[in-house]
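Q: Sharing a sequence plus its predicted fold:
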Amino acid sequence: MKNKFKQISLDQAYEIIKRPITTEKSTNLQQFNQYSFIVSKNSNSFEIKNAIETIFKVKVSKVNTSILRGKGKTFKGQYGFRKDTKRAIVTLGEGNTIDSSLEIK
């Protein structure tokens, strides 16, 4: 429970939040005040919430995370896997929005 109330710096926030997801499905979620991000695999929901609030200056009400396993692929006859990714769907509080340009360093 320590991470729930711990403040993080802007640099730490940018390490947790990698980039926004801009797919058709994630764009449709924005009408329900939900935004999707690719995040660090070793981060938890409390850290993601603090990072979003630090970067975008908004109030986060809920964070859902999922780990997507990398797909198996063949490249030049060699079989391998893509990287696993962790995604977070962040629900913002009433009246909060993130600018549609979603600028992450």
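A: It's in.

Q: Which residues are in contact with the nearest residue to V60 once chain neighbours are set aside?
A: In this structure, V60 finds its nearest non-sequential neighbour in K49, 4.7 Å apart by Cβ to Cβ, 6 or more residues apart in numbering. Where you see a C-beta, it was placed from the backbone N, CA and C, and this is true even at glycine. Taking Cβ atoms under 8 Å, 6 or more residues apart in numbering as the criterion, K49 is in contact with V60, V63, V90.

Q: helix/strand/coil for the residue nearest the centre of the chain?
A: Most central in the chain under Cα atoms, centre = their mean is F37, positioned 2.8 Å from the mean C-alpha point. Taking DSSP: H, G, I helix; E, B strand; the rest coil as the rule, one finds F37 in the strand state.

Q: That one touches R19, doesn't it?
A: Yes: F37 is within contact range of R19, at 7.0 Å (criterion: Cβ atoms under 8 Å).

Q: quick revisit: surely the residue nearest to V60 forms part of a helix?
A: Yes: looking at K49 with three-state DSSP, it is inside a helix.
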